[in-house]
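Trainee: Turn this into a model:
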Amino acid sequence: MALRRVLQTEPQLLDQVAEQGWRLPTGELALLLGREELTGDVFECYGYRFTRGDEGDLAISWRVEKVSS
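Mentor: Numbering: from 1, shown residues only. This next block holds a predicted model:
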């Protein structure tokens, strides 16, 4: 819930994540977006594209890209 509030009060957070090339763990991204789960390999939400990583380790992470309008 706190992460979602951060997105509401600091929408530039996803911009920073995208610009820095950081990856977000599934649990944190789901909380941030207010979703119970994330399905598929790619989805778009709030003007961003989220692509599931294929690291092969236990924690799945997501790449964030800003979608051009």
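
Trainee: The residue nearest to Val42 when sequence neighbours are not counted: what secondary structure?
Mentor: With CB to CB, 6 or more residues apart in numbering as the criterion, Val42 has its nearest non-adjacent residue at 5.0 Å, and that residue is Thr51. Where C-beta positions appear, they are placed from N, C-alpha and C, glycine not excepted. Using DSSP: H, G, I helix; E, B strand; the rest coil, the structure places Thr51 in strand.

Trainee: ok, Thr51 - contacts?
Mentor: If a contact means CB atoms under 8 Å, 6 or more residues apart in numbering, then Thr51 has Asp41, Val42, Trp62, Arg63, Glu65 as its contacts.

Trainee: again, only using 10 Å
Mentor: Applying CB atoms under 10 Å, 6 or more residues apart in numbering, we find Thr51 in contact with Arg23, Gly40, Asp41, Val42, Phe43, Ser61, Trp62, Arg63, Val64, Glu65.

Trainee: What pairs with the helix or strand where the fifth one lies, parallel or antiparallel?
Mentor: Using DSSP states H and E, the element containing Phe43 is strand 42-45. Sheet neighbours of strand 42-45, with direction, are listed as strand 48-52 (antiparallel) (DSSP bridges).

Trainee: Of all the residues in the strand it pairs with, which ones are buried?
Mentor: Tyr48, Arg49, Phe50, Arg52 (16 or more other CB atoms under 10 Å).

Trainee: would CSV of these with pLDDT be doable?
Mentor: What follows is these, written out as CSV (pLDDT from 0 to 100):
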residue, pLDDT
Tyr48, 92
Arg49, 96
Phe50, 96
Arg52, 94
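
Trainee: which among these gets closest to Arg35?
Mentor: Distance to Arg35, by CB to CB, is smallest for Phe50 among the buried residues of strand 48-52, at 10.4 Å.
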